[in-house]
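# Please work out how this folds:
(chains A, B and C)
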Amino acid sequence: MPELPEVETTCRGIAPHCVGHRITGMVVRQHRLRWPIPRNLPQQVTGSKIHTVTRRGKYLLLTLDHGTLILHLGMSGSLRIVDADTPADKHDHVDIIINGKRCLRLHDPRRFGAVVWTAGAVTQHKLFKHLGPEPLSELFTDAYLHERARKRTCNIKTLIMNANIVVGVGNIYACEALFMAGIRPTLRADKLSRPRCARLVIAIQDVLRQAIKAGGTTLRDFTDGDGNPGYFKQQLHVYDREGQACHQCGHPVKRVITVNRSTYYCSHCQR
DNA sequence: CTTTTGACCTGACAGC
DNA sequence: TGCTGTCAGGTCAAAA
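Here you go, the predicted model:
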């Protein structure tokens, strides 16, 4: 479910309830997520203070006294702040109890999410070492994208969804950004001119910023830290709109499969 | 090295 | 009602 705007929305929602507070317990009801949660993790984190809550790509990072808790929401995950005595629902796999009275609760039906602990520097962690720049940072420029695309034969949509190139861009926002930039998703990456790279960088940044402003996109089940959906779905131009009229030209939106993912575009507006 | 494919899971929905 | 097949916001590891 969650791409960068949804993770950012979650991050902003939970941070005020976490930062500066102490973890007084952790309950793991289901250890089998993307990677098994270590049996001794609750004892590792209990008693620690939460110093910061930040986002890197689609990962959430909770820095504690002696290390960092890395959370990922996978396809169907969400995090909420609830009272500690709220009965757990189906798929409520992990609770991080805060000050004994509230808890940060991970809900994830498909279990593609993850809870990972690292005592070392996060930037050196296997999962983070090779990540590309944040798309909303000054490091993500037309020059950078053009350089990384220059020798690639994969299609441009696959390239911008590659976290080693740029983080946070998933299936929805890749489709939307390519529409906004007027670029066909199936175009070979090495065929993209420098000016078109510039358009694409701007489009990615615009769509992510607008989606963050709307609290993310709720297609099925995304909710923020307080349980509310995101409202960006109403602003989608192509994603999940197969056969419907293009908002710019009226031609029906097409759907094709690339690398096993549905890809939506307007064959008239995108070349 | 890059690119492609399979794998991991549950649930919703369409069609029979 | 209930079965089967398809699809879904991600991404890692192995194969090609």
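# The stretch 151-271 of chain A: helices as residue ranges?
Here the stretch 151-271 of chain A has its helices, by DSSP state H, counting those that start in this stretch, at A:156-160, A:171-181, A:194-213.
# I misspoke; the intended subject was the stretch 1-150 of chain A.
Going by DSSP H, counting those that start in this stretch, the stretch 1-150 of chain A shows helices at A:4-18, A:41-45, A:142-149.
# Looking at the ones you listed, which one is packed in the most?
helix A:4-18 (a mean of 22; mean count of other Cβ atoms under 10 Å). Placement of C-beta: from N, CA and C, glycine included.
# That one close to DNA strand C?
Yes - judged by Cβ under 7 Å from any atom of the strand, helix A:4-18 and DNA strand C are in contact via residue A:6.
# Nearest to residue A:253, out of the helices of the stretch 1-150 of chain A?
helix A:4-18 (21.3 Å; Cβ to Cβ).
# Find the residue closest to residue A:4 in space, skipping its chain neighbours.
residue A:168 (3.0 Å; Cβ to Cβ, 6 or more residues apart in numbering).
# Just put the helices of the stretch 1-150 of chain A in JSON lines and tack on distance to DNA strand B.
What follows is these, written out as JSON lines (distance: least, Cβ to the nearest atom of the strand, whole Å):
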{"stretch": "helix A:4-18", "distance to DNA strand B": "18"}
{"stretch": "helix A:41-45", "distance to DNA strand B": "18"}
{"stretch": "helix A:142-149", "distance to DNA strand B": "8"}
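# what residues are up against the closest residue to DNA strand C within chain A?
Nearest residue of chain A to DNA strand C: residue A:170, at 2.0 Å (Cβ to the nearest atom of the strand). Residues counted as contacts of residue A:170 (Cβ atoms under 8 Å, 6 or more residues apart in numbering) are A:2-4, A:58, A:161.
# count of residues packed around the residue nearest to residue A:145 when sequence neighbours are not counted?
Using Cβ to Cβ, 6+ apart and skipping the chain neighbours, the partner closest in space to residue A:145 is residue A:197 (4.5 Å). Neighbours of residue A:197 under the rule other Cβ atoms under 10 Å: 24.
# just residue A:253 next, same as before
Counted with other Cβ under 10 Å, residue A:253 comes out at 23.
# Could you report the distance from the nearest residue to it once chain neighbours are set aside to residue A:152?
Leaving aside its chain neighbours, residue A:253 sits nearest to residue A:241 (4.6 Å; criterion: Cβ to Cβ, 6+ apart). Distance of residue A:241 to residue A:152, given as Cβ to Cβ, to the nearest Å: 28 Å.
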